[in-house]
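>>> below is the sequence, then the predicted model.
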Amino acid sequence: MTGNYSDLKGRTAVVTGGSRGIGAQTARALAAQGVSVCVVGRDEQALAGVVAEITAAGGAAMAAVADVTDAGALDGVRGAVAERFGPVDVLAAFAGGQGFPVPTAELTEQRWREVLESDLTSVFLTVQAFLPAMLERGSGSILTMSSAAGRQPSGANLAYGVANAGVVMLTRHLATELGPRGIRVNCLAPSAILTERVGSRMPEEVQAKVAATHPLGRLGVPQDVASAALFLASDAAGWLTGLTVDVAGGRITN
């Protein structure tokens with residue numbers, strides 16, 4: 001369940017990485033608050049399913065198939081959203097997730113570049129696409145997605161950790177730069193979220209062991225992150241910017 005953020009009603013949001021997992025759940029949560037949502041991803045069928053769920057529940061949503069490492073594709077999304085729903089109030093740059101473990105000695109240059117593109121450059125390009133309109137209006141809430149792997153060394157591959165640490169600094173830099181222009185920028189850093197992908201790859205006995213390493217004694221679920229995203233997007237967080245929130249079941253970094 002999520003709280004009631006009535007100030008979000010009537011606003012417009014774009015959620016990248018919206019076809020499944022955290023992005024899809026965040027899109028549903030925003031729509032349940034009366035936000036018109038554009039879900040962005042590469043899987044057309046999965047996006048259509050998320051939109052169908054939202055509209056069946058009485059919400060307003062559209063899908064945009066796009067590669068978020070392609071600035072031209074993001075420009076197309078921006079135009080489509082403006083035509084359908086109007087200016088964007090909430091931007092959730094949540095695409096990414098290339099943390100599959102690879103020993104650094106075996107991490108190829110190509111893979112390094114791919115991970116930085118998908119998990120860091122994509123955030124920059126997404127913000128760049130939607131920022132001019134926010135600046136013109138003097139308002140907006142931008143949410144970025146990092147990871148516990150970007151907060152401290154982990155079992156994820158080196159490129160993923162570096163990219164997600166970069167997202168944290170990107171967030172802090174933007175918050176400082178854009179605060180005087182009326183735009184807030186905050187970051188979410190989840191740990192051990194039981195998405196569809198994680199559930200399919202992590203055996204139950206491993207899930208139990210990972211859950212035990214968190215003070216709250218369980219894995220997170222996409223709704224945990226979506227609830228934090230709702231708060232940060234809303235006026236309830238109007239005095240908060242530049243934060244990285246560890247949605248991590250008590251595994252807090254210094």
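Perfect, I can see it now.
>>> C-alpha only now, for contacts and for neighbours.
Noted.
>>> can you list the low-confidence ranges for this structure?
1-2, 199-200, 253-254 (pLDDT under 70).
>>> so which elements touch the lengthiest helix in it?
Longest helix of the chain, by residue count under DSSP state H: helix 158-178. The helices and strands touching helix 158-178, judged by 3 or more C-alpha pairs under 8 Å, 6 or more residues apart in numbering; DSSP states H and E, are helix 109-116, strand 140-145, strand 183-190.
>>> can you do 10 Å?
helix 109-116, helix 122-137, strand 140-145, strand 183-190, strand 244-247 (3 or more C-alpha pairs under 10 Å, 6 or more residues apart in numbering; DSSP states H and E).
>>> which among those is found nearest to Gly23?
Closest to Gly23 of those is strand 140-145 (C-alpha to C-alpha; 9.7 Å).
>>> partner strands of that closest one and their direction?
strand 90-93 (parallel), strand 183-190 (parallel) (DSSP bridges).
>>> contacting residues around Val88?
Neighbouring residues of Val88 by C-alpha atoms under 10 Å, 6 or more residues apart in numbering: 11-14, 36-38, 78, 81-82, 130-131, 133-134, 139-141.
>>> ok so, going back, turn the strands paired with strand 140-145 into CSV, including mean neighbour count and distance to Gly161.
Shown next, in CSV, are the strands paired with strand 140-145 (neighbours: other C-alpha atoms under 10 Å; distance: least, C-alpha to C-alpha, whole Å):
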stretch, mean neighbour count, distance to Gly161
strand 90-93, 27, 17
strand 183-190, 26, 12
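>>> how about Thr144: what's its closest non-neighbour residue?
Leaving out its chain neighbours, the residue that sits closest to Thr144 by C-alpha to C-alpha, 6 or more residues apart in numbering is Cys187, at 4.6 Å.
>>> against Ala27, how distant is the residue nearest the centre of the chain?
Nearest to the mean C-alpha position of the chain, by C-alpha atoms, centre = their mean, lies Phe94 at 2.3 Å. Look at Phe94 and Ala27: by C-alpha to C-alpha, to the nearest Å, they are 11 Å apart.
>>> do Tyr160 as well
In terms of C-alpha to C-alpha, Tyr160 sits 24 Å off from Ala27.
>>> swap in Leu116?
25 Å.
>>> which one's more surrounded, these two?
More neighbours surround Ala27 than the other of Leu116 and Ala27, with 32 against 20 (other C-alpha atoms under 10 Å).
>>> wait, that one sits on Thr55?
No. The pair Ala27 and Thr55 fails to qualify as a contact (C-alpha atoms under 10 Å) at a distance of 11.5 Å.
>>> where do the contact lists of these two overlap?
Shared contacts of Ala27 and Thr55, counting by C-alpha under 10 Å, 6+ apart, come down to Ala61.
>>> number of residues surrounding Thr213?
Thr213 has 14 nearby residues by other C-alpha under 10 Å.
>>> what residues does it make contact with?
Thr213 neighbours (C-alpha under 10 Å, 6+ apart): 219, 249-251.
>>> equivalent analysis for Gly23, please.
With C-alpha under 10 Å, 6+ apart, Gly23 has these contacts: 15-17, 29, 39-41, 92-95, 145, 222-223, 225-226.
>>> go on, Ala57?
28, 31-32, 51 are the contacts of Ala57 under C-alpha under 10 Å, 6+ apart.
>>> nearest spatial neighbour of Leu230, chain-adjacent residues omitted?
Leu30 (6.7 Å).
>>> that neighbour touches Asp89, doesn't it?
No. When contacts are counted by C-alpha under 10 Å, Leu30 is not listed as touching Asp89 (11.7 Å).
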